[in-house]
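Chemist: model the following, please.
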Amino acid sequence: MSENPMPNAAVTPACRTASLFIGYMNERNFEAIGSLFADPTDVTGPDGTKHRHPADVVTFMRNGFKAMTSHWSFRILHVVPAGRNGCLLQFEVSEDDGPFEAVAVDYFELNGEGKVSKFLPYVASNRVAKTVELQRKVKASREAQSAEE
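Modeler: Just a heads-up that it's a prediction; the model follows:
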């Protein structure tokens with residue numbers, strides 16, 4: 001895996017998991033992303049949707065990337081241990097190989113088995129409009145997929 005090396009990512013299991021998450025997003029390895037999550041899990045998407053199972057997370061991520069009209073690359077800015085089993089991950093995005101821009105801080109919390117039991121994103125204010133537009137596309141894709149079934 002082409003993981004984003006972050007010297008302090010090894011500090012806690014939750015921060016290692018957050019680092020893996022970014023690496024898997026860069027690879028578009030949705031199954032590997034799903035493998036990081038507990039079943040059940042408590043995931044809130046940037047659009048406020050709830051996802052309770054790893055398969056739901058995989059579908060949500062896959063649909064999100066399908067809706068993108070540009071190629072996004074992700075890079076870790078900071079990982080900060082939060083409490084006993086948590087980590088705050090600040091990352092930035094480059095669209096179509098343009099300059100990197102800070103976009104979000106995500107919160108990861110692991111259960112006793114080392115799986116993500118809670119995930120909550122916080123989108124940077126300078127990215128809210130783009131995130132809302134992307135989430136509209138994801139919702140339309142999800143609705144079209146449901147209508148086909």
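
Chemist: what about this protein, any weak spots by pLDDT?
Modeler: Filtered on pLDDT under 70, the chain yields the residue ranges 1-10, 124-135, 138, 142.

Chemist: what residue is smack in the middle of it?
Modeler: residue 21 (6.5 Å; C-alpha atoms, centre = their mean).

Chemist: quick check on that residue: phi, psi?
Modeler: phi -50, psi -50 (degrees, to the nearest 10).

Chemist: within the helices and strands, which one has residue 78?
Modeler: Residue 78 belongs to strand 72-82 when elements are defined using DSSP states H and E.

Chemist: show me what that strand packs onto, helices and strands only.
Modeler: In terms of contacts (3 or more C-beta pairs under 8 Å, 6 or more residues apart in numbering; DSSP states H and E), strand 72-82 is packed against helix 13-27, strand 86-95, strand 101-110. Glycine gets a C-beta too; all of them are placed from N, C-alpha and C.

Chemist: quick check: phi and psi on residue 50?
Modeler: phi -100, psi 140.

Chemist: what sits against it?
Modeler: 42, 43, 44 (C-beta atoms under 8 Å, 6 or more residues apart in numbering).
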